[in-house]
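In: Structure for the following, please:
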Amino acid sequence: MKRLSLATKLTFLVAVLVRSSGLVPDGLLSAAQVLQQALLTAAMVALGAGVDLPRLVRSGGRALVLGAVSTLVAVGTATAGTLLLT
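Out: Down below sits the predicted model:
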């Protein structure tokens, strides 16, 4: 695994300090949250678009079952976490 550079670590710490200081206006934080969600959605779509369905089908049932089970575990974990926190 690649280690983070000192500059990256310091940049992160500065971002945490600025965010925690209250200097960033609420409107900017709201806009940043919308941008974050849009970029995450775009990244997830890009990952999904990279899946080669014919190749996945040719790989056999084991890969499809693994994908289905993994999806169910992720959904179950997210649902349980949501229910516990609300």
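In: Using the three-state scheme, assign the residue positioned nearest the centre of the chain.
Out: Centroid-nearest residue in the chain: residue 40, 6.1 Å away (criterion: CA atoms, centre = their mean). Using DSSP: H, G, I helix; E, B strand; the rest coil, the structure places residue 40 in helix.
In: Relative to residue 25, how far out is it?
Out: 23 Å (CB to CB, to the nearest Å). All C-beta spots, glycine's among them, are computed from the backbone N, C-alpha and C.
In: And for residue 85?
Out: 27 Å.
In: ok, the two, which is more surrounded?
Out: Neighbour count, other CB atoms under 10 Å: between residue 85 and residue 25, residue 25 has more, with 9 against 6.
In: Can you name the residues that contact that one?
Out: Contact analysis of residue 25 by CB atoms under 8 Å, 6 or more residues apart in numbering lists nothing.
In: Next up, phi/psi of it, please.
Out: In terms of degrees, to the nearest 10, the main-chain angles of residue 25 are phi -60, psi 150.
In: which residues in the chain form helices?
Out: 6-21, 26-49, 53-58, 61-85 (DSSP state H).
In: Pick out the shakiest of those, pLDDT-wise.
Out: Across the helices of the chain, helix 53-58 has the smallest mean pLDDT, namely a mean of 83.
In: Convert it to PDB, retaining C-alpha atoms only.
Out: Extracted in PDB, the C-alpha atoms of helix 53-58 (Å, rounded to 0.1, in the frame of the first residue of the first chain):
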ATOM      1  CA  LEU A  53     -21.900  -8.200 -18.400                       C
ATOM      2  CA  PRO A  54     -21.300 -10.900 -21.100                       C
ATOM      3  CA  ARG A  55     -18.000 -11.700 -19.500                       C
ATOM      4  CA  LEU A  56     -19.700 -11.900 -16.100                       C
ATOM      5  CA  VAL A  57     -22.300 -14.300 -17.400                       C
ATOM      6  CA  ARG A  58     -19.600 -16.400 -19.000                       C
END
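In: neighbouring contacts of that helix?
Out: Residues contacting helix 53-58 (CB under 8 Å, 6+ apart): 63-64, 67.
In: now stretch 8-20
Out: Contacts to stretch 8-20, defined as CB under 8 Å, 6+ apart, come from residues residue 24.
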